Every structure is written in structure tokens, then in C-alpha cells.
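Undergrad: One predicted model, sequence on top.
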Amino acid sequence: MIFQNVKKILVLKLCCLGDMVFILPAIANLKKNFPEAKITLISSSWVKNIYKYIPDVNNFLIFDPPFKGGFIDKISSAYKLIRLIRKDKFDLALSCHRDSSFGTILMLSGIRYRLGFKNTSFINYYSEYDDSVHETIRYLKVLKENGLETTETEPKLNRIRSIESVKTKNDLKADSAIIGIFPFGGINPGTTMKIKRWDLKNYFKLIEIILSEYPEYTIILFEGTHDDEKFDNDIKLNDNIKIHPIIDNDLMYSCNVFISADTGALHLAAAFGINTIGLFGPSDPRLVAPLNYKKEIVHKNIWKQPGCSPCYTPQTAIDRNNKTYYKGNEFICNTGTHECMKNISVEEVFISLKEILEKINNTK
């Protein structure tokens, strides 16, 4: 093996919930290749609520980079990060960023083996950044092309509490079948992407159809943390429809099916082993959608792919000076039509859901 005497490993990924899910197989394979090594994950505080569900990581460090400010602010931030990393004297690091500043930081932190993508400064073990493959596979390629085994390919999060105890805590019947829906999202540190959202009225119509055909089901609507991720009085609650004020991870993995646009919540549900329906528009599901690994778990993706889609690509994502796609920190619809999400019909989402529910019922 190229890498000798590796006792401490650092994985660096500062954003976001979905991104955390994409790097889980890479972390699992690092643990398999270096079973005695201690793994530390550095991420932003944005994702700290999922730390306890992440397997194979021994230590978590929070670092929030400045998304605003000038050159001096960024230099000061980099210096703080270097000091934070140098304390632990890591032997090997995996940078999950293409930004050369992170390669520089890892070098200045004294880490001997620095894995990442080609053309990232001071990354000395690398693979080509392939924008045609799924994001999970990109990170695995970095390991594989540098002599490490990559037998673990499925993103997995640990379930901490039993589904029975979660249902009891939330006043749900033990035998209740649950459909979880998160209709918001598109908000990340430093970036807003509300163009990913499917119209709220569509979700309400979908709920009506679901309960007309499956009156025994419970619908849980998850709210987010931002002001515009809350329900007002625009939906009537009853015994079948409940609102949860946050994305509760335990309650999420108690769902039978989870429906959302391309959000962190969708990817978390998939990593918990929940059937999902993903609604895609600006982003390409071939690159970021939950992958199907097991016959018993189904991930269906709906993507109409008009001529302007995908617009949120590995290239446009990092080019914030491109005013065609960015207005400040907001990624905008460059056609002004929002056609990619508007073209998704309530009926086709329900058909996908019905197919999943029939499969669930047939396997009982």
C-alpha cells in the first residue's frame, strides 16, 4: 500500500446535508482500509444535527467559513482552520472540495497524504474530477485510483432509536403507515436555490388524492428552520395530516415513503433506508439522485428535463460571477419560467407513490 503508518485521518467537507450523504461511502471505505485509524470529519455547523447518525467517524469538528467578507476575512478564516487541523497531526486527508485553497490548507497543516481532485493545488494523490458520474462515485474514484479498496458503495446513516419508540413519542399508532413530505428546501450556507421547489399547492393536491385512496395512511409534513419554510393556515389538519416543526431525523426514518424535491432531507431519508420520490428540475438526478442499491428499497426520480435543464451543474455551481445563474447568493431560473418544476404533474407523482405503496403491501 502507498499509505503507511496512517493513524489519523481527516475528511474535509464544509457543506451541506446532501453532500454529507454523498461522502458516506468514502468514509466507510477509509475505515475499511485503515481499520485502526481514527477518523475526524470537519464540516459546517449546518449539518451538526446528523453527526450522531454518521457511522465510522470518531470525532467531529465544526468550522464555518465566511460566505461574506473580503480577502482579509478569508485569510483569517484559513489561518484558524490550519490551526484547528494542526493540533491533531493528521497523517492522511481527503478533501471533498475542488477549491485549491483547501489543498493549500491541508499542506500547510502538515498532512503527508492529501487526497482529492486533480488540479487542486497541493493535492498529491488525486483522480480526475469527472462531472459525468454520480457525486458519490466521484469520491470513491479518488480512493480507488490511489490504490484503496472501495467495496462500500451505499450511503448509510445509523438509526439510533426504534421505530416503535419514535411513533410512541410522536403519538402515532404502532401500525400506522406514514408518508413524509418536505415541500421546502433549497437553502444552504451561502446559497439560496428556491427554484428547486415544487409549488406548495401541488403538494396539497397530492395529499388530497393520497388520502382519498389511502385513508388509513398518515401524512407528516416537515417544516424547515427558515421563516418561509413554515405552514400558515393554508392546510387543514386532521387525524391523518400532521405538521412537524423541524426535520426530525428519527421521525423521518419512521416513514414508509418520503417525498421531496432535491433537498438534503431527500438524501437523508434515502441514507436511512427509506423509499423516496425525488422531484428534480434544475439539478441532474443522474449526478445527485439517491441510487437504487437494494430491491426492497425504491428510489423514484421525476425529471421532465426541458431544454434548459439541468442548469445547476458542477460548472455553474461554483461560478458565482456568472450573472446568468446567480443574483447575489441566489441561484436563479435563467429563463424566468421555472418550467422544469412546473411541468411535474400531481398525477405522475401519485402514480410513482402508488407503485411504491403497492410494492410495500405486496411484500408484507
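TA: Structure received.

Undergrad: Every contact and neighbour count from this point should use C-alpha atoms.
TA: Fine.

Undergrad: worst-scoring helix or strand of the protein, pLDDT-wise?
TA: strand 187-188 (a mean of 80; mean pLDDT, DSSP states H and E).

Undergrad: next structured bit after that one?
TA: strand 191-192 (DSSP states H and E).

Undergrad: which other helices and strands contact the helix or strand just after that next one?
TA: Moving toward the C-terminus from strand 191-192, the next helix or strand (DSSP H and E) is helix 200-213. With contacts defined as 3 or more CA pairs under 8 Å, 6 or more residues apart in numbering; DSSP states H and E, helix 200-213 has these neighbours: helix 346-362.

Undergrad: Check the spacing between Asp91 and Tyr113 real quick.
TA: Applying CA to CA, to the nearest Å, the value for Asp91 to Tyr113 is 6 Å.

Undergrad: Please apply the same query to Thr120.
TA: Going from Thr120 to Tyr113 by CA to CA gives 14 Å.

Undergrad: Between those two, which contacts overlap?
TA: Here Thr120 and Tyr113 have no joint contacts, going by CA atoms under 8 Å, 6 or more residues apart in numbering.

Undergrad: Next, count neighbours for the closest residue to Asp131 other than its chain neighbours.
TA: Distance criterion CA to CA, 6 or more residues apart in numbering; nearest residue to Asp131, sequence neighbours excluded, is Pro314 at 6.4 Å. Pro314: 16 surrounding residues under other CA atoms under 10 Å.

Undergrad: Over to Gln315?
TA: 9.

Undergrad: and what of Glu355?
TA: 12.

Undergrad: Where does pLDDT dip in the protein?
TA: Scanning the chain for pLDDT under 70 picks out the ranges 66-69, 234, 364.

Undergrad: Which stretches in it count as helices?
TA: Taking DSSP state H to define them, one finds helices in the chain at 17-33, 71-86, 100-108, 135-144, 163-169, 200-213, 249-252, 264-271, 285-288, 314-318, 339-342, 346-362.

Undergrad: elements contacting the first one?
TA: Spelled out, that is helix 17-33. Under the contact criterion of 3+ CA pairs under 8 Å, 6+ apart, helix 17-33 touches helix 135-144, helix 264-271.

Undergrad: again, only this time at 6 Å
TA: Contact here means 3 or more CA pairs under 6 Å, 6 or more residues apart in numbering; DSSP states H and E; on that basis helix 17-33 packs against helix 264-271.

Undergrad: quick one, the helix it packs on and helix 17-33 angle?
TA: For helix 264-271 against helix 17-33, the angle by axes from the mean of the first three to the mean of the last three CA atoms, to 10 degrees is 30 degrees.

Undergrad: who's in contact with helix 264-271?
TA: Residues outside helix 264-271 that contact it (CA atoms under 6 Å, 6 or more residues apart in numbering) are Leu17, Gly18, Pro155, Lys156, Leu157, Ser260.
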